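A.B. asks: would you be able to build a 3D model of this:
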Amino acid sequence: MKNVFSLLGIVVILFSCVAAAWAIEQRPIGWVTVTDGNLPYTITGGAAGATVTATNETEFKTYAGSTSPYVILVPNMIVMTRGTSSSYTPQTVNVESNKTIIGTSPDAGINGGLSFSGESNVIVRNLTIWYEDGSQGYDNPWTDGISIKDSSHHIWIDHCSLYDSPDGLIDITNQSNYITISWCYFYYLPTSENINHHFTNLVGHSATNYADRGKLKVTFHHNWWGLRCRERMPRVRFGQVHIFNNYYYNEYATCINNNAIRSGIEAQNLVENNYFYYIDEPIEEKYDPTALIEAVGNILDSCCSLDECDDGDDDVFDPPYPYTLDDANDVPTIVTAGVGAGYDDVLPPAKPTMLMVVSPTGYADIELEWNDNSEPDLAGYNVYRSLFSGGSSYVKINTALITDSNYVDDTAEGPTYYYAVTAVDTNDNESGYSNETFNSLYGDFSGDYTVTWADVPTLVNLWLETDCGLTEGIDMDGNCIINFYEFSVFAKNWHQY
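C.D. replies: This is a model prediction of the structure:
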């Protein structure tokens, strides 16, 4: 169960960390990582289901519209059937909950749109989403590249390129919540039809939709608003929106847009360390007196109409999730090097299997072991630990990738720890968590960090107990029975300290 990595492999790993700058994180950050009460949330997409490949409209609609979970791989551009109404734009695909949609080549994408209506737990990555004929008007529908609406929640859009949609490129409306938009490239081509409606991102569709109060929690980070974007970068009503380390760039070196960030009724916008270049009204003065804007560390390079910008001195929400800010001076380089779709390798390795505690010895030097992964581009493993079962609060405990399939945790200091392992490839793609295992100071039923006479009555009462509800978290092998081996471990831990 051991792998030895060659020096060449180490060199490849180091090179990949530089070359694959886009893969700064393989797990989301932002509002998508929490849920009601600011409790942790782990988005899984379609990981609980089968992995399938969709190469045409029929296959894609079948998988995306299914109520079953799927990881849907898209290797090419899929063109959706044109509408039969007065519109000549392609059709929007309704995507159900529990899906992961990943482009697997530089050509991967959707010529059409995606819609999430009342859906949740969805991941979309590495896709180009566009409309061949992006016309909009009274005779044609207001169609978005991606529409997130009707109480949809926990959706992560990452490393996508979106352009030329008739209405918004990504719009988030009608009580949707807990959304992260990261590393996306928004733009319009010179041939784009609807030049007066290059409005990219709407958060909250109406000043009278009071049901949006307490919803519309959205994070935008490391995105690039580029060619010919005019407004809504984003435009916010009611929501708590965190906008950090984004790049706003006007290639004409003159301010031709109308505004960038606009704050409407009861919006709270936290705007941190963004870089604006030749942008008119980069942080527009509050559009509504009930809006709040806190702007910190932003760079306004050659921007226009600064006298119409907000001073950003309000106090808004504190993000309930961890994040690290890049220096605003570095944002143009970082974002342009990694933003958008078009990557060859976005598929993570398989989850490691058969994770186990080799010798349960209490909470000193806990040794873990698991089966080797077989991917040729495997770089190593990460080990995660938590005081709670279920994966919602795992913390990575290794400082560098582990190149063996075992690990000794010599930092444990509590009675019970839960562990999981992930595999990482040379492009920094990280798998999902392995099976969970745990180690505890077995027999410490009284919780005093030692096994003493005080623990004996509980142990006796559980002898050969078969009620899983009573033995959960106590029996080491998870078979709902306190057996002789577990008695022997109890004896081994007797007065250990």
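A.B. asks: can we go C-alpha only for contacts and neighbour counts from here?
C.D. replies: Fine.
A.B. asks: domain ranges for the protein?
C.D. replies: Domain assignment of the chain by automatic domain parsing yields the ranges 1-21+348-440, 27-338, 441-497.
A.B. asks: quote the end-to-end distance of the second one.
C.D. replies: Taking Cα to Cα, to the nearest Å, the first and last residues of domain 27-338 lie 15 Å apart.
A.B. asks: what about that domain, distance to the chain center?
C.D. replies: 13 Å (Cα atoms, centre = their mean, to the nearest Å).
A.B. asks: going forward, the N-terminal residue is numbered 19.
C.D. replies: With 19 as the first residue, the last one maps to domain 45-356.
A.B. asks: isn't residue 405 right next to residue 438, touching?
C.D. replies: No - Residue 405 is beyond contact range of residue 438, at 11.9 Å (criterion: Cα atoms under 8 Å).
A.B. asks: if we can go back for a sec, pick the most buried one from the domains of the chain.
C.D. replies: Most buried of the domains of the chain, by mean neighbour count (mean count of other Cα atoms under 10 Å): domain 45-356, with a mean of 21.
A.B. asks: give me the below-cutoff pLDDT ranges for the stretch 319-468 of the chain.
C.D. replies: 377-382, 410, 431-433, 458-468 (pLDDT under 70).
A.B. asks: outside of stretch 346-357 itself, list whatever touches it.
C.D. replies: For stretch 346-357, contacts defined as Cα atoms under 8 Å, 6 or more residues apart in numbering pick out 38-41, 177-178, 201-203, 240-242, 263-265, 291-293, 315-317.
A.B. asks: run the last query once more with 10 Å
C.D. replies: 37-42, 144, 176-179, 200-204, 239-242, 262-267, 290-295, 315-317, 343-345 (Cα atoms under 10 Å, 6 or more residues apart in numbering).
A.B. asks: helices along this protein, start to end?
C.D. replies: Under the criterion DSSP state H, the chain contains helices at 25-37, 75-82, 349-356, 474-480, 486-489, 502-510.
A.B. asks: which of the ones you listed has the lowest average pLDDT?
C.D. replies: Here the helices of the chain differ in mean pLDDT, and the lowest is helix 25-37 at a mean of 31.
A.B. asks: quick check: mean pLDDT across stretch 95-114?
C.D. replies: Here the average pLDDT along stretch 95-114 is 76.
A.B. asks: now do stretch 250-262
C.D. replies: Mean predicted lDDT for stretch 250-262 stands at 97.
A.B. asks: rewinding a little: okay, and the common contacts of residue 405 and residue 438?
C.D. replies: Listed as contacting both residue 405 and residue 438 by Cα under 10 Å, 6+ apart are 412-413, 456.
A.B. asks: who touches the residue nearest to residue 257 when sequence neighbours are not counted in this structure?
C.D. replies: For residue 257, ignoring the flanking residues on the chain, the nearest one in space by Cα to Cα, 6 or more residues apart in numbering is residue 234 at 4.4 Å. Applying Cα under 10 Å, 6+ apart to residue 234 gives the contacts 49, 167, 169-171, 190-197, 221-222, 254-259, 285.
A.B. asks: and residue 142, by the same measure?
C.D. replies: Shown in contact with residue 142 (Cα under 10 Å, 6+ apart): 63, 90, 117-121, 132, 173-178, 199.
A.B. asks: report the two of those residues separated the most.
C.D. replies: The largest separation in the contacts of residue 142, counting by Cα to Cα, is between 90 and 199 at 19.4 Å.
A.B. asks: find the nearest non-adjacent residue to residue 399, please.
C.D. replies: Nearest one to residue 399, counting by Cα to Cα, 6+ apart, is residue 441 at 4.5 Å.
A.B. asks: repeat for residue 117
C.D. replies: Residue 117 sits nearest to residue 64 (Cα to Cα, 6+ apart), 4.0 Å away.
A.B. asks: gap between the one you found and residue 300?
C.D. replies: Relative to residue 300, and taking Cα to Cα, residue 64 is found at 37 Å.
A.B. asks: now for the residue nearest to residue 399: which residues touch it?
C.D. replies: 366-370, 390-391, 393, 396-401, 419-421, 423, 447-452.
A.B. asks: try 6 Å this time
C.D. replies: 367, 398-399, 448-449 (Cα atoms under 6 Å, 6 or more residues apart in numbering).
A.B. asks: from the residues you listed, which is closest to residue 215?
C.D. replies: Nearest to residue 215 among these is residue 448, at 38.5 Å by Cα to Cα.
A.B. asks: show me what that closest one is bridged to.
C.D. replies: For residue 448, the beta-bridge partners under DSSP bridges are residue 442.
A.B. asks: wait, what's in contact with it?
C.D. replies: 366, 441-442.
A.B. asks: what is the nearest of those residues to residue 475?
C.D. replies: Closest to residue 475, out of all of the contacts of residue 448 and judged by Cα to Cα, is residue 441, at 42.2 Å.
A.B. asks: how close does the closest one sit to residue 415?
C.D. replies: 14 Å.
A.B. asks: likewise for residue 71?
C.D. replies: 35 Å.
A.B. asks: just residue 297 next, same as before
C.D. replies: Remark: distance between residue 297 and residue 415 (Cα to Cα) = 43 Å.
A.B. asks: what of residue 112?
C.D. replies: 40 Å.
A.B. asks: any idea where the strands of the stretch 19-168 of the chain begin and end?
C.D. replies: Here the stretch 19-168 of the chain has its strands, by DSSP state E, counting those that start in this stretch, at 52-53, 57-58, 68-71, 88-92, 95-97, 110-112, 117-121, 127-129, 131-135, 138-143, 146-148, 164-167.
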